[in-house]
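Visitor: quick one, fold the following:
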Amino acid sequence: MKSVPLYKSFAFISYSHKDMAVAKWLQRRLESFKLPSEIHNDIESGCKYLRPIFRDQSDLSTGVLSNELHKHLEQSKYLIIICSKHSAKSKWVSNEARAFMEMGRLNRIIPFIIPDGDIPEQELFPVFLQKYFNENPDKELLGVNIGEIGKEKAVIRVVACMLNVSFDSLWQRHLRHKRIKALTTSLTMSMTLFIIYMLAIPIRVSINVGLQKTHLPIADNVVLNVDGGEYTAPADNPQFDRISIPGYKRFSDISISAHAKFFQKIDTMVKTGFGLNRNININLSRDNTFSVFAGNVYDSEMNPLEGVEVSIINQTFRTDADGAFRITVPLPEQRQELPITLVKEGFQTVKRLDEVPCSELKYIMYKR
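Guide: Now for the predicted structure:
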């Protein structure tokens, strides 16, 4: 069972307000640093990040340290002092360093040094620390010099000091995570750009309409409707090339319908696919325009004739009590015109050599 945390803040950042930009940057970087699991499981708070990092935002440069700030110093495990030519002159920073040292925590002060020309590092420390080290030459406080190792390493070195772990191991881990993050970012950006690229480029759809082969006439044109757009092509070559479909419909279905005179209309949904081009074949079958011969047979007084043998090619049908007949001709035998023969005993045979298929045929037979 973990004990109640002694400190409310991982660190207190002390700085001259002329160095506010650096202080804000450092606070942001420290608080966003994710701790290794083997470390955050061991620390008192169990926190996965170095949060919170306290940064005084009051605009004071002189005066006695307030009770509130003194309380924040007590509740902070480390004191990070941004050492610069500005903080070296700041009584406020010097007072914060003094208060922290008087708490017996000299070894928990981390100087974050911003070099300035040839000024020695120690002269960038706040006045109180300069005086202390002059009086105690055997004491030494190693700082993190941002000018010598750069911003990135400087942040990791501060973290290593706060966690009391090896800088090298923490730095190598940081580099590994950085490489993984860069790779992940690169892959994500590549995938995003690829998807945007694909969605921006239209799909070119080519559709070939196959018409069922027969000895029957065909219409002049085939009409195609693709995703709301209408296209026409001659029936002797019903090929529709490079119809443009918006790229954002690449992963969805599009509606396609095709129709032509004497053929059954077809309605379907087709997936456009992933690529830039899509070839689609559609086959239209014949309708029953030329397949049905139906009607009635009457005598000269327009009375229905029952039992009349109605023959078309090799099919025969006898009329019913209403004189009605119906013959369906198989597709291979269908023609635009076919001969029809009507035979009934006691009546003159009727032969029509050019009868057009129809469902409302009417015939009159005369007695001999």
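Visitor: contacts and neighbour counts: CA atoms only from here.
Guide: Fine.
Visitor: you'd agree Phe100 is up against Leu73?
Guide: Yes. In this structure, Phe100 is within contact of Leu73 by C-alpha atoms under 8 Å, at 6.6 Å.
Visitor: comparing those two, which residue is more hemmed in?
Guide: Leu73 (25 against 20; other C-alpha atoms under 10 Å).
Visitor: and that one, what element?
Guide: helix 67-74 (DSSP states H and E).
Visitor: list the buried residues for that helix?
Guide: The neighbour-count check on helix 67-74 (16 or more other C-alpha atoms under 10 Å) flags 72-74 as buried.
Visitor: residue contacts, the residue nearest to Ala324 when sequence neighbours are not counted?
Guide: Excluding the flanking residues, the one nearest Ala324 by C-alpha to C-alpha, 6 or more residues apart in numbering is Asn296, at 4.3 Å. The contact partners of Asn296, by C-alpha atoms under 8 Å, 6 or more residues apart in numbering, come to 304, 319, 322-325, 360-363.
Visitor: now Asn296: phi and psi?
Guide: phi -140, psi 150 (degrees, to the nearest 10).
Visitor: same question for Glu96.
Guide: Torsion angles, degrees, to the nearest 10, at Glu96: phi -70, psi -40.
Visitor: and for it, the neighbour number?
Guide: Neighbours of Glu96 using other C-alpha under 10 Å come to 25.
Visitor: then Ile149?
Guide: 12.
Visitor: could you say which helix or strand holds it?
Guide: With DSSP H and E as the test, Ile149 turns up in helix 146-163.
Visitor: Asp354 is in contact with Arg335, isn't it?
Guide: No. Applying C-alpha under 8 Å as the test, Asp354 and Arg335 come out as separate, 10.2 Å apart.
Visitor: so for those two, which residue has more residues nearby?
Guide: Legend: neighbour count by other C-alpha under 10 Å for Asp354 and Arg335, higher for Arg335 (18 against 11).
Visitor: just the strands in the stretch 251-368 of the chain please.
Guide: Counting by DSSP state E, counting those that start in this stretch, the segments of the stretch 251-368 of the chain that form strands are 253-259, 266-271, 277-284, 292-299, 309-312, 315-318, 324-328, 338-343, 350-355, 358-365.
Visitor: give me the distance from stretch 352-368 to the chain's centre.
Guide: 67 Å (C-alpha atoms, centre = their mean, to the nearest Å).
Visitor: switch to numbering from 58
Guide: Got it, first residue is 58 now, which makes that one stretch 409-425.
Visitor: contacts for it, please.
Guide: Outside stretch 409-425, the residues that reach it (C-alpha under 8 Å, 6+ apart) are 346-357, 359, 383, 393-398, 403-407.
Visitor: just the buried residues out of those, in ChimeraX syntax.
Guide: Per 16+ other C-alpha under 10 Å, the buried members of those correspond to this ChimeraX selection:
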select :346,347,348,349,350,351,352,353,354,355,383,395,397,398,406,407
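Visitor: what about stretch 167-185, average pLDDT?
Guide: Across stretch 167-185, the average pLDDT comes to 93.
Visitor: wait, stretch 226-238
Guide: Taken as a whole, stretch 226-238 has a mean pLDDT of 89.
Visitor: got the CA positions of that stretch in CSV?
Guide: What follows is stretch 226-238, C-alpha atoms only, in CSV (Å, rounded to 0.1, in the frame of the first residue of the first chain):
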residue,chain,number,x,y,z
SER,A,226,19.1,5.0,-20.2
LEU,A,227,16.4,7.7,-20.1
TRP,A,228,17.9,9.3,-23.2
GLN,A,229,18.0,6.1,-25.1
ARG,A,230,14.4,5.3,-24.2
HIS,A,231,13.5,8.8,-25.3
LEU,A,232,15.2,8.3,-28.6
ARG,A,233,13.4,5.0,-29.1
HIS,A,234,10.0,6.6,-28.4
LYS,A,235,10.9,9.5,-30.6
ARG,A,236,11.7,7.1,-33.5
ILE,A,237,8.5,5.1,-32.9
LYS,A,238,6.4,8.3,-32.7
